[in-house]
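Enquirer: Here is a sequence with its predicted model. Questions after.
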Amino acid sequence: MKRAMLSAATLLLATGLSSAAMAHAVLVKAVPPVGGTVSASPADIRITFSEGVEPRFSKISVAAADGRAIDTGAAAVDPANPAILIVPLKTALQPGSYKVSWHAVSVDTHSTQGNFSFTVKP
Amino acid sequence: MKMKHRLGLAGALASAATLGWVTSVFSHAIVGDRIFPVTLAIDDPGVADEVSLPTFARFTNADGSIESDYSFEFDKRITEDFGVSIADTWTHVHPGGDGFQNLVLGAKYHLFSDAPHEFMVSVGVNVNVGGTGAARVGAANFSTITPSIDFGKGFGDLPDNLMWLRPIAVTGQIGIGFPDPWKKTVASIDTTSCDVTMAPSGICGVDVNTTHNPVFLDWGLTFQYSLPYLNAHVRQIDGPDFLRSLTPIVEAAFQSPIANLAGTGARTTGTINPGIIYSADTYQFTVEAMVPINKASGKHVGVIAQLHFFLDDIFPNSLGKPLFSEH
């Protein structure tokens, strides 16, 4: 019984690890960093997910502290890494706090979302 | 004629195998920004395609026997919001023997979600099928039906000045375990005390054993602090990657007798389980200590660990999707 369970678990684990590119996309890191402070306006927002994402169904939006939406370009993935979603900022950010909201659809269509803040130093 | 009350197998479970009850294993859930991890001591509010294989627990029962449990559970979505499950446990008790516990069948329906407030509720029912396990390891010979309600609440909606508390989540479960109504009380006659040589008149003492199977309130809570949530929503975690996959957790699960006690002496039992969860893309590994809350719940601190697989991530287009899906 124990041996059978462990064998099945080993098989599932191997299967799971070999298909690690098919799961929910979770934010791993971002530029600007989550909760961080940058000294100047970034040119774009870059979010690295745990999985590859579909740019057509994924988005990043940015809002100022007063709720005003910041103009951005279309979201795209890094050609070298489909797990990095990039949205260019059309205007330079003034010093202050900003909120980034994202919605990601992974390559196997699982949907996740989230938000975080960062600050541009005066 | 004298009447003797005793606790019966439901009571035996409460004393000898109470900790085994907490080896049930459950699904994960997503609402808004929150991913509730799989918990070991109580169910979570999610409905998903998952398998727990194995869950291992080792602890000392109240009577001093040492028990090891190897459990599995398979959860399958029928629709996006409705799923069924099957679970069983192979138990080794020393001294005592080994064998399977009763088969446990379940059904759960995702009732309500509030994404902005990271809140969700499900209702479900589990049936412990009496007589399908081995009595020598404490498996009851009667069935128990347990309707329950499960909830989860993340605190991502806290204001900015409390942002460090946003990774906190609480989940809970409350259910009532009803024993088979035809076996709530079982009477049996013990005539072994009749010794015709000692009672030549033919009159002898007879023991009538009345077994009461109490109704139990099954309830519990988990308290979680999600480092993945902290990293993604509050403050980036620098350092080794595995730190961003950890969720410290404390689970607590209890059984309180609430009806049909009749002098059984049944009392609240349970454990408090501090532990840690490691969440990967397609699987989760959890290890927890099991701290009995009183002597009736066991002796010494036990341990429980689980390897859990998310079938919706591993087989998204086949085994991991609902039987009836819009997608």
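Expert: Sure thing, it's come through. Note that the structure is a prediction, hence the values are computed from the model and not measured. Numbering: from 1, shown residues only, chains lettered A, B, ... in the order given.
Enquirer: Just the element for the closest residue in space to residue B:284 that isn't next to it in sequence, please.
Expert: Distance criterion Cβ to Cβ, 6 or more residues apart in numbering or on different chains; nearest residue to residue B:284, sequence neighbours excluded, is residue B:308 at 4.6 Å. For every residue, glycine as well, the C-beta is placed using N, CA and C. Using DSSP states H and E, residue B:308 falls within strand B:299-310.
Enquirer: Which SSE is immediately downstream of that strand?
Expert: Downstream of strand B:299-310 (by DSSP H and E), the next one is helix B:311-314.
Enquirer: Now do the contacts for the residue nearest to residue B:284.
Expert: Contacts for residue B:308 were tallied using Cβ atoms under 8 Å, 6 or more residues apart in numbering or on different chains; they are B:25, B:38, B:50-53, B:283-286.
Enquirer: With secondary structure as new columns, can those be given to me in TSV?
Expert: Formatted as TSV, these follow (DSSP: H, G, I helix; E, B strand; the rest coil):
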residue	secondary structure
B:25	coil
B:38	coil
B:50	strand
B:51	strand
B:52	strand
B:53	strand
B:283	strand
B:284	strand
B:285	strand
B:286	strand
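Enquirer: returning to that earlier point: just the C-alphas of the strand holding residue B:308, formatted as CSV.
Expert: C-alpha atoms of strand B:299-310 as CSV (Å, rounded to 0.1, in the frame of the first residue of the first chain):
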residue,chain,number,x,y,z
LYS,B,299,-0.5,11.9,23.9
HIS,B,300,2.6,13.8,22.7
VAL,B,301,3.0,15.9,19.6
GLY,B,302,2.4,14.2,16.3
VAL,B,303,3.3,15.1,12.8
ILE,B,304,1.3,15.2,9.5
ALA,B,305,2.7,15.8,6.0
GLN,B,306,1.1,15.9,2.6
LEU,B,307,2.0,16.0,-1.0
HIS,B,308,-0.8,17.4,-3.1
PHE,B,309,-1.2,17.8,-6.8
PHE,B,310,-3.3,20.3,-8.8
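Enquirer: That one: partners in the sheet, and parallel or antiparallel?
Expert: Strand B:299-310 pairs in its sheet with strand B:50-60 (antiparallel), strand B:283-292 (antiparallel), by DSSP bridges.
Enquirer: just those strands: most buried one?
Expert: Highest mean neighbour count among those (mean count of other Cβ atoms under 10 Å in any protein chain shown): strand B:50-60, with a mean of 23.
Enquirer: picking that back up, okay if I get the strands paired with strand B:299-310 as a markdown table plus mean pLDDT?
Expert: As requested, the strands paired with strand B:299-310 are exported to a markdown table (pLDDT from 0 to 100):
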| stretch | mean pLDDT |
| --- | --- |
| strand B:50-60 | 94 |
| strand B:283-292 | 96 |
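Enquirer: from what I can see residue B:291 touches residue B:301, true?
Expert: Yes. If you go by Cβ atoms under 8 Å, residue B:291 and residue B:301 touch, sitting 5.4 Å apart.
Enquirer: Give me every residue in the stretch 151-300 of chain B lying close to chain A.
Expert: B:160, B:163, B:228, B:231-236, B:244, B:280-283 (Cβ under 8 Å from any Cβ of the partner chain).
Enquirer: ok, which stretches of chain A are strands?
Expert: A:27-31, A:37-38, A:44-49, A:59-64, A:69-70, A:76-78, A:81-88, A:96-105, A:111-120 (DSSP state E).
Enquirer: okay, residue B:201: pLDDT?
Expert: Looking at residue B:201, its pLDDT reads 57.
Enquirer: What spatial separation is found between the most centrally placed residue in chain A and chain B?
Expert: Centrality entry for chain A: nearest residue to the mean C-alpha point is residue A:47, 3.8 Å, by Cα atoms, centre = their mean. Between residue A:47 and chain B the computed distance is 9 Å (Cβ to the nearest Cβ, to the nearest Å).
Enquirer: Name whatever forms a beta bridge with that residue.
Expert: residue A:30, residue A:85.
Enquirer: Residue B:109 now?
Expert: residue B:82, residue B:123.
Enquirer: what do you get for the one 5 residues further on?
Expert: Each beta-bridge partner of residue B:114 is listed here, defined by DSSP bridges: residue B:119.
Enquirer: Number of residues surrounding it?
Expert: Number of residues near residue B:114 (other Cβ atoms under 10 Å in any protein chain shown) recorded here: 13.
Enquirer: about what we covered before: if we go by neighbour counts, what in the strand holding residue B:308 is buried?
Expert: B:302, B:304, B:306-310 (16 or more other Cβ atoms under 10 Å in any protein chain shown).
Enquirer: How about stretch B:126-133?
Expert: Here stretch B:126-133 shows B:126, B:128-130, B:132-133 as buried, counting by 16+ other Cβ under 10 Å.
Enquirer: Between the residues you listed, which sits nearest chain A?
Expert: residue B:133 (13.4 Å; Cβ to the nearest Cβ).
Enquirer: mind listing what the closest one touches?
Expert: B:88, B:99-103, B:139-140.
Enquirer: Please repeat the previous calculation with a cut-off of 7 Å.
Expert: B:99-102, B:139 (Cβ atoms under 7 Å, 6 or more residues apart in numbering or on different chains).
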